[in-house]
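# Please work out how this folds:
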Amino acid sequence: MTTSTPCRIRSRWCAANWALWLVAAAALVWLLVSLMPSRSFDVERWARGAGLEDAGNPRWSMIEAVQTALRVGMTDRELLGLLGEPDWHADDGSWLYAVGRSRGPYSSDPKSLQVELDERRQVVRWSVGY
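Down below sits the predicted model:
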């Protein structure tokens, strides 16, 4: 009878230890998934982020999906239909959309999506930068 008590205590400790590790692993997975950009583009969520330069901008989570949807040769009307009015116009005629700040240790600078148009008002290139 005396040997069963330490085994019972040890098995409870072992189960608690495993439970703690499982909770920690689930928290880590949740954190990694929440930091990953979304692969789907939502026009309404994109519109809600207009002009926001903080880390809570919903546009940042869709940046990969937007870059997949953009294509060279798109007209300015197609671009307006996809992304709406730009937040700013650059001196060179590029359209700039605020996408917020990336989350993580290097998130101090606001980011923007810059879409360059040619003289025919067609997309030439785009980039995400400061």
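
# Leu96: what secondary structure?
What DSSP: H, G, I helix; E, B strand; the rest coil gives for Leu96 is strand.

# doesn't Trp88 make contact with it?
Yes - with contact defined as CB atoms under 8 Å, Leu96 counts as touching Trp88 (4.3 Å). C-beta: built from backbone N, CA, C; applies to glycine.

# what residues are shared contacts of the two?
Ser112 (CB atoms under 8 Å, 6 or more residues apart in numbering).

# For the two, work out which one has more neighbours and name it.
Taking other CB atoms under 10 Å, Leu96 and Trp88 do not tie; Leu96 has more neighbours (15 against 12).

# For the host helix or strand of Glu64, list the C-alpha coordinates in PDB.
Here Glu64, judged by DSSP states H and E, is contained in helix 63-69. Only the C-alpha atoms of helix 63-69 are listed here, as PDB (Å, rounded to 0.1, in the frame of the first residue of the first chain):
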ATOM      1  CA  ILE A  63      -0.700  42.000 -47.600                       C
ATOM      2  CA  GLU A  64       0.300  38.700 -49.200                       C
ATOM      3  CA  ALA A  65      -3.200  38.200 -50.600                       C
ATOM      4  CA  VAL A  66      -3.200  41.700 -52.100                       C
ATOM      5  CA  GLN A  67       0.100  41.200 -53.700                       C
ATOM      6  CA  THR A  68      -1.200  38.000 -55.300                       C
ATOM      7  CA  ALA A  69      -4.300  39.800 -56.600                       C
END
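
# In it, which residues are buried?
For helix 63-69, the buried set under the neighbour-count rule, 16 or more other CB atoms under 10 Å, comprises Ile63, Ala65, Val66.

# Contact partners for the residue nearest to the second one when sequence neighbours are not counted?
Distances taken as CB to CB, 6 or more residues apart in numbering put Phe41 closest to Ala65, at 4.0 Å, once the chain neighbours are dropped. Contacts were defined as CB under 8 Å, 6+ apart; by that measure Phe41 touches Met62, Ala65, Val66, Thr68, Ala69.
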